[in-house]
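K.L.:
here is my input, please return the structure:
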Amino acid sequence: MAQLLFDGELFADYFQIYLRDENYPDLPNDYSAAAIATRMMVGPHSIILHTPRNMKTPIRVEWSDAPPVADFAAWQHVVDSHFDCPTGRLVLAGMTDYEPKAARLTVKAGPLGVRANFAGLDTISKDGLEGDDHCLVQLWPGGTTPGANVLKLWR
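P.N.:
Have a look, this model is predicted:
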């Protein structure tokens, strides 16, 4: 059973939300078209999620003791990876959020598996301001997927 760590909205300024170990501020910086198309950039201690809108984005983060089963019927885009979280404390924020006030999530210290699930990608208005998009981030101990491994691609 998954434990809820965060359920709310974050401002995805520059179409990005990040999740990183509290003591490691460096974020991935591969802004190639291929990296952005996966909707996840991965660094040693962090990930950046690429959202479909430069607006407030509903996001939910869950913790499981084992890798969750992928639900391809419920999600339009699914991507897996892993990163290290030596402190067991994660910072979840939009790129321009005031980080001291950003959400802090407690997880098991060590390598983390991460899956980002996106839905509502086909609901984005032509001007990119409105939509019913949302994201579920699933975390678990371990994880060995190098880079961003797209399990289901939405274009």
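
K.L.:
could you tell me the end-to-end distance of stretch 123-133?
P.N.:
The first residue of stretch 123-133 is 7 Å away from its last residue (Cα to Cα, to the nearest Å).

K.L.:
which positions within it qualify as buried?
P.N.:
Buried residues in stretch 123-133, counted by 16 or more other Cβ atoms under 10 Å: 124, 131, 133. (C-beta placed from N, C-alpha, C; glycine too.)

K.L.:
closest to E9 out of the residues you listed?
P.N.:
The shortest gap between E9 and any of those belongs to D133, at 11.3 Å (Cβ to Cβ).

K.L.:
worst mean pLDDT across the helices and strands of this structure, which element?
P.N.:
Counting by mean pLDDT, DSSP states H and E, the chain has its least confident helix or strand at helix 33-37, which shows a mean of 90.

K.L.:
only the buried residues of it, if you could.
P.N.:
Buried positions in helix 33-37, judged by neighbour count with 16+ other Cβ under 10 Å: A35.

K.L.:
from the contact counts, what lies against the helix or strand just after that helix?
P.N.:
Downstream of helix 33-37, the first helix or strand assigned by DSSP states H and E is strand 40-42. If you count contacts as 3 or more Cβ pairs under 8 Å, 6 or more residues apart in numbering; DSSP states H and E, strand 40-42 packs onto strand 46-50, strand 77-85.

K.L.:
buried ones in the helix or strand following the longest one, by neighbour count?
P.N.:
Along the chain past strand 77-85, the next helix or strand (assigned with DSSP H and E) turns out to be strand 89-94. Residues 90-94 are the ones in strand 89-94 that count as buried (16+ other Cβ under 10 Å).

K.L.:
with distance to Y14 and pLDDT as new columns, can these be given to me in a markdown table?
P.N.:
Conversion of the buried residues of strand 89-94 to a markdown table gives the following (distance: Cβ to Cβ, whole Å; pLDDT from 0 to 100):
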| residue | distance to Y14 | pLDDT |
| --- | --- | --- |
| L90 | 20 | 98 |
| V91 | 17 | 98 |
| L92 | 16 | 98 |
| A93 | 12 | 98 |
| G94 | 8 | 97 |
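
K.L.:
those residues into a markdown table, with extra columns for distance to R155?
P.N.:
A markdown table is the format used below for the buried residues of strand 89-94 (distance: Cβ to Cβ, whole Å):
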| residue | distance to R155 |
| --- | --- |
| L90 | 30 |
| V91 | 30 |
| L92 | 27 |
| A93 | 28 |
| G94 | 24 |
